[in-house]
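Asks: coordinates only, no sequence provided:
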């Protein structure tokens, strides 16, 4: 243990303006600037002090809420300071009112580096987990986790005015360091625009992406404006909804109910039952033909003619009359997708089969992948020339379509179990969401993970791109509908 002191020097002359000795025994002293005339000190005594160099006195002295303070920084206008203490907690304090605004427990054990964003709306933390975590200083929520460092310990973060966020990581044995400059053109901030009353099941948008129909674990659905999040109407149905789709040009949605009924819900909340009842439990896959006169629905395995099988039924959208049936293998159809400029659609099964089916008579046009293949969640690109897939539970791969050959430059890798995959509208990236509450973005050429958003508490049930990639909409099991702001790059 050592006595400590500090000196305030004139930078140009080196003259000592103020010297402050202290008789306390403390192992180490750290400090950061806090505006032009103030600085902050802290040590391992569990307290933080703010000093005024003009008054040559201490203007604030307070406990750090832990055994010791790990790192502390002030924002650019010196109105707030943030620090991380041990046991690990992020705290934000208003310097003028001398009150703590945020106190949030963190999962990571240590934080070695911190930086405020130039606008004061974000705090970047680096610790011992290879990552840069971005927090909201208003509530302490984790906004996103940036990955990319190969070395574990993040020792320095810099976020200058007009510049890009940079971070340095290092290791002792063998000695090694790396510096990363982060691209700021990425999804970062979000806001909750609507909260459901019951656990969320999913949502679907209209063709203009201005109205969202939200499903929950009740017999009601909600029509919500996008991006405002205003509740337009809550609609009562005979049972809770399990999936839905939009009509390509008429202003209504089609919704599958758990009781096997199909309902239409228009943009004003008026409802109309399609005169049919599915012969077996729906799988949740539904699609409307490009002409808008038919719809297809996947049905779970059932006993038809003493053979256990699954079906895709094609119906007349007005009368509910059965037009055609495609009979698949045992597993259910989990996704249906129209093929552009053709009178057919692509259907995928949970066992990995991928087939093309005719809208006219339900005939098999082509079988691209035979079951069982271990492939699930196939998602065709907007140009229908590539397909991203999950193989097994976690392996993400890219294939050329319709040749079904693997893309030579794409690096296959392991991802957390995903519930869904989508391409961006420009086909340069795709994104997925899963059980851990995250949304991840990947480069379609290399497979490199570009961004991970810790979006929701509990798993994510759906994500949609808006305004050509400038915004994203996500819904989670925390019942929150979030709007994410992004840059077009």
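Replies: Arrived safely, thanks for sending. No experiment lies behind these values; they were computed from the predicted model shown.
Asks: surely residue 7 touches residue 16?
Replies: Yes - under the criterion of Cβ atoms under 8 Å, residue 7 makes contact with residue 16 at 5.3 Å. Using the backbone N, CA and C atoms, a C-beta is placed for each residue, glycine as well.
Asks: and residue 291, how far is that from residue 90?
Replies: 55 Å (Cβ to Cβ, to the nearest Å).
Asks: same deal with residue 49?
Replies: Counting by Cβ to Cβ, the gap from residue 49 to residue 90 is 20 Å.
Asks: so these two - more neighbours on which side?
Replies: residue 90 (22 against 16; other Cβ atoms under 10 Å).
Asks: list the contacts of the residue positioned nearest the centre of the chain.
Replies: For the chain, the residue sitting closest to the mean C-alpha position, by Cα atoms, centre = their mean, is residue 439 at 2.9 Å. Applying Cβ atoms under 8 Å, 6 or more residues apart in numbering, we find residue 439 in contact with 431, 432, 433, 452, 453, 455, 460, 463, 472, 474.
Asks: from these, which land in strands?
Replies: Mapping the contacts of residue 439 onto strands (DSSP state E) picks out 431, 432, 433, 452, 453, 460, 463, 472, 474.
Asks: out of the residues you listed, who's nearest residue 246?
Replies: Residue 246 has its nearest neighbour among those in residue 463, at 16.1 Å by Cβ to Cβ.
Asks: now that closest one, nearest residue through space, not along the chain?
Replies: Closest residue in space to residue 463, ignoring its immediate chain neighbours: residue 474 at 4.6 Å, by Cβ to Cβ, 6 or more residues apart in numbering.
Asks: check which helix or strand covers residue 51.
Replies: strand 47-52 (DSSP states H and E).
Asks: buried residues in that strand, which are they?
Replies: 47, 48, 49, 50, 51 (16 or more other Cβ atoms under 10 Å).
Asks: neighbouring contacts of the helix or strand just after it?
Replies: As assigned by DSSP H and E, the chain's next helix or strand after strand 47-52 is strand 57-63. Residues from elsewhere that reach strand 57-63 (Cβ under 8 Å, 6+ apart): 38, 46, 47, 48, 49, 50, 51, 52, 93, 95, 98.
Asks: partners of the helix or strand just after strand 57-63 in the sheet?
Replies: Tracing the chain C-terminally past strand 57-63 and defining elements by DSSP H and E, one meets strand 68-74 next. Partners of strand 68-74 in the sheet, by DSSP bridges, are strand 80-86 (antiparallel).
Asks: what is the subsequent helix or strand relative to the partner strand?
Replies: Using DSSP H and E, the first helix or strand after strand 80-86 is strand 89-94.
Asks: that next one vs strand 47-52, what angle?
Replies: 30 degrees (axes from the mean of the first three to the mean of the last three Cα atoms, to 10 degrees).
Asks: walk me through the domains of the protein.
Replies: What the record gives for the chain is the domain set 2-181, 187-262+374-489, 278-364, from automatic domain parsing.
Asks: for the residue nearest to residue 463, give its distance to residue 348.
Replies: 23 Å.
Asks: so those two - more neighbours on which side?
Replies: residue 348 (28 against 23).
Asks: now do the contacts for the more buried one.
Replies: Taking Cβ under 8 Å, 6+ apart, one finds 333, 334, 335, 354, 355, 375, 376, 377, 378 in contact with residue 348.
Asks: burial check on the fourth one, number of neighbours?
Replies: Right, the one you point to is residue 354. Neighbours of residue 354 (other Cβ under 10 Å): 24.
Asks: low-confidence stretches in the stretch 101-250 of the chain?
Replies: Residues of the stretch 101-250 of the chain meeting the criterion pLDDT under 70: 108-109, 148, 183-189.
Asks: quick one: the helices in it, in order.
Replies: With DSSP state H, counting those that start in this stretch, there are no helices along the stretch 101-250 of the chain.
Asks: list the contacts for residue 83?
Replies: 42, 48, 64, 69, 70, 71, 72, 73, 90, 91, 93, 114.
Asks: swap the cut-off to 7 Å and go again
Replies: 48, 64, 69, 71, 72, 91 (Cβ atoms under 7 Å, 6 or more residues apart in numbering).
Asks: is it true that the first one touches residue 40?
Replies: Yes - shown here, residue 48 and residue 40 form a contact pair, counting by Cβ atoms under 7 Å, at 6.4 Å.
Asks: I appreciate the help and will end here.
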